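**Q** Output the structure for:
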Amino acid sequence: MIVCPNCNHPNPDGAVQCEACYTPLPATSACPNCGAIVQADASFCGQCGFNLRAAGVTSAAAEPDNIPSPDMAPAIAQTPASVSELSVPDSPTPQPLTFVPSILAEPIESVPISVAPPAVAASIEPVEPAATAGNLPIAVPRETSTQLQKQTAKLLHIQTNTTAELPQGLMVIHIGKPNDRIPPDIDVSGFPHSEVVSRIHADIRLEGDSYYIEDVGSSNGTYINNLPLAMGNRHRLRPGDRIGLGKGDKVTFLFQLS
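**A** Residues are numbered from 1 along each chain as shown. Okay, here's the model as predicted:
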């Protein structure tokens, strides 16, 4: 049984994704001592107490490689002598300089040189080289800057069909109602039934291209897809995730990316 670190849901052995919140589960392996299923990054077996780290170090240290044996020393010591005894063929005698005039004596007219007239070269418009591989054309982007577009995250309030866009440039976005400690970046005081939402309710964190939500000690809790999100845990948001602030599903948002 593998317990999900996000929602504490028990999953069957061998599962790679939580059945409840779809969070990736930690990898597992068998204890070399008792065969019990343990996490791959565990230091000790929870069943028999076997030291898994020591077993890994012993197995790695038992296979030394790249250590020269004593038998190889004579061969290495003899290498300089064998190299010095190699015979190097004499370089060929350079040709006398008297042959150079005979080469220069060739008539210049025998070497055809084609020079385009200046008027013709000026009339030719520059043509971009064709980017092809065999007979298949290759699309060459002209302006790469226009292709780099950042995703915009939004919260759609289900009860009023109102969209609240997440502020750009913030690594931590506070959700709640006005207070004198942490002013909210997304103020839900204007939505119906906002009394179930705490003044400091939840945070959405941006890490790389991913958004994570966590409850920061609200009174009525935070729910992801109708499942409670324990305080201290966080959930990676995916498009279409349902975020409930407080009990009763009265203040509900859908996470969207565009």
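
**Q** Which residues lie in contact with the nearest residue to H193 once chain neighbours are set aside in this structure?
**A** Closest residue in space to H193, ignoring its immediate chain neighbours: K250 at 3.8 Å, by Cβ to Cβ, 6 or more residues apart in numbering. (Glycine included, C-beta is placed from N, CA and C.) Applying Cβ atoms under 8 Å, 6 or more residues apart in numbering to K250 gives the contacts Q159, P192, H193, V196.

**Q** and the first one, backbone torsions?
**A** When read as degrees, to the nearest 10, the backbone of Q159 gives phi -70, psi -30.

**Q** Tell me, how many residues neighbour the closest residue to it other than its chain neighbours?
**A** Ranked by Cβ to Cβ, 6+ apart and with sequence neighbours excluded, the top spatial neighbour of Q159 is P192, at 6.0 Å. By other Cβ atoms under 10 Å, the residues close to P192 number 11.

**Q** quick one, what contacts P192?
**A** Contacts of P192 by Cβ under 8 Å, 6+ apart are Q159, T160, K250, V251.

**Q** What subset of those residues is buried?
**A** K250, V251 (16 or more other Cβ atoms under 10 Å).

**Q** Relative to A30, which of the contacts of P192 is nearest.
**A** Within these, distances to A30 taken as Cβ to Cβ reach their minimum at V251, with 46.3 Å.

**Q** close enough to count as contact, the closest one and E195?
**A** No - with contact defined as Cβ atoms under 8 Å, V251 does not count as touching E195 (9.3 Å).

**Q** all helices for this structure, in order.
**A** Along the chain, the segments classed as helices by DSSP state H run 52-61, 72-77, 79-84, 100-104, 118-123.

**Q** any idea of the mean pLDDT for the fourth one?
**A** Right, helix 100-104. Computed over helix 100-104, the mean pLDDT rounds to 46.

**Q** Pull the longest strand anywhere in the chain out as PDB, backbone CA atoms only.
**A** Counting residues, the longest strand in the chain under DSSP state E turns out to be strand 200-207. The C-alpha coordinates for strand 200-207 follow below in PDB (Å, rounded to 0.1, in the frame of the first residue of the first chain):
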ATOM      1  CA  ILE A 200      -6.100  34.600   4.800                       C
ATOM      2  CA  HIS A 201      -7.400  31.500   3.200                       C
ATOM      3  CA  ALA A 202      -5.100  29.900   0.500                       C
ATOM      4  CA  ASP A 203      -2.000  30.600  -1.600                       C
ATOM      5  CA  ILE A 204      -1.200  29.800  -5.200                       C
ATOM      6  CA  ARG A 205       2.500  29.400  -5.900                       C
ATOM      7  CA  LEU A 206       4.200  29.500  -9.400                       C
ATOM      8  CA  GLU A 207       7.200  27.200  -9.800                       C
END
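
**Q** who's in contact with the residue nearest to R238 when sequence neighbours are not counted?
**A** Nearest residue to R238 in three dimensions, chain neighbours excluded: F255, at 7.2 Å (Cβ to Cβ, 6+ apart). Neighbouring residues of F255 by Cβ under 8 Å, 6+ apart: A153, K154, L155, Y211, L237, R238, P239, G240, D241, I243.
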